[in-house]
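> My questions concern the predicted model and sequence given below.
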Amino acid sequence: AYLSAGRLALRHRGYDVAAGHFRKALELDGERQEALAGLLECHWRVQDDPERMDALKAELLALNPHHFAPKSIDAERLLDSGQAAEALK
């Protein structure tokens, strides 16, 4: 339920509400990849704490080095900085 509520809040740009739901999901299961990915996206969209975002990304990649969320955020960062060729890799 927390994951669903978090995803719904993300769709409506309620990043603080979404982050709260994802944190509650992580309290129940600290290795829940969907919750980590959701919390990572919240921090990415708000860009309030780059160190926390990097820590979440590292934690998620440690659980699943092939998870799509960190890779898509990296690609978006590269595209934003004009590095399209690197983003495609």
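Thanks, I have the structure now.
> Helices of the chain, residue ranges please.
2-11, 15-28, 33-46, 50-63, 68-80, 84-88 (DSSP state H).
> which other residues reach the last one?
What that stands for is helix 84-88. The contact list for helix 84-88 (Cβ atoms under 8 Å, 6 or more residues apart in numbering) reads Asp74, Ala75, Glu76, Leu78, Leu79. Every residue, glycine included, has its C-beta placed from N, CA and C.
> Over to the first one?
Contact partners of helix 2-11, identified using Cβ under 8 Å, 6+ apart, comprise 15, 17-19, 21-22, 24-25, 28, 32, 34-35, 38, 41-42, 45.
> Same question for it: list its buried residues.
Buried residues in helix 2-11, counted by 16 or more other Cβ atoms under 10 Å: Tyr2, Leu3, Ala5, Gly6, Arg7, Ala9, Leu10.
> swap in the second one?
Within helix 15-28, the residues that qualify as buried by neighbour count (16+ other Cβ under 10 Å) are Tyr15, Val17, Ala18, Ala19, Gly20, His21, Phe22, Ala25, Leu26.
> which residues sit in contact with the fourth one?
Think Ala19. Contacts of Ala19 by Cβ under 8 Å, 6+ apart are Gly6, Gly38, Leu39, Cys42, His43.
> Would you list the buried entries among these?
Gly6, Gly38, Leu39, Cys42, His43.
> List the residues that contact His21.
Counted by Cβ under 8 Å, 6+ apart, His21 has contacts Tyr2, Leu3, Ala5, Gly6, Ala9, Gly38.
> so what's it closest to, chain neighbours aside?
What sits nearest to His21 in space, not counting adjacent residues and going by Cβ to Cβ, 6 or more residues apart in numbering, is Gly6, at 3.6 Å.
> That'll do, ta.
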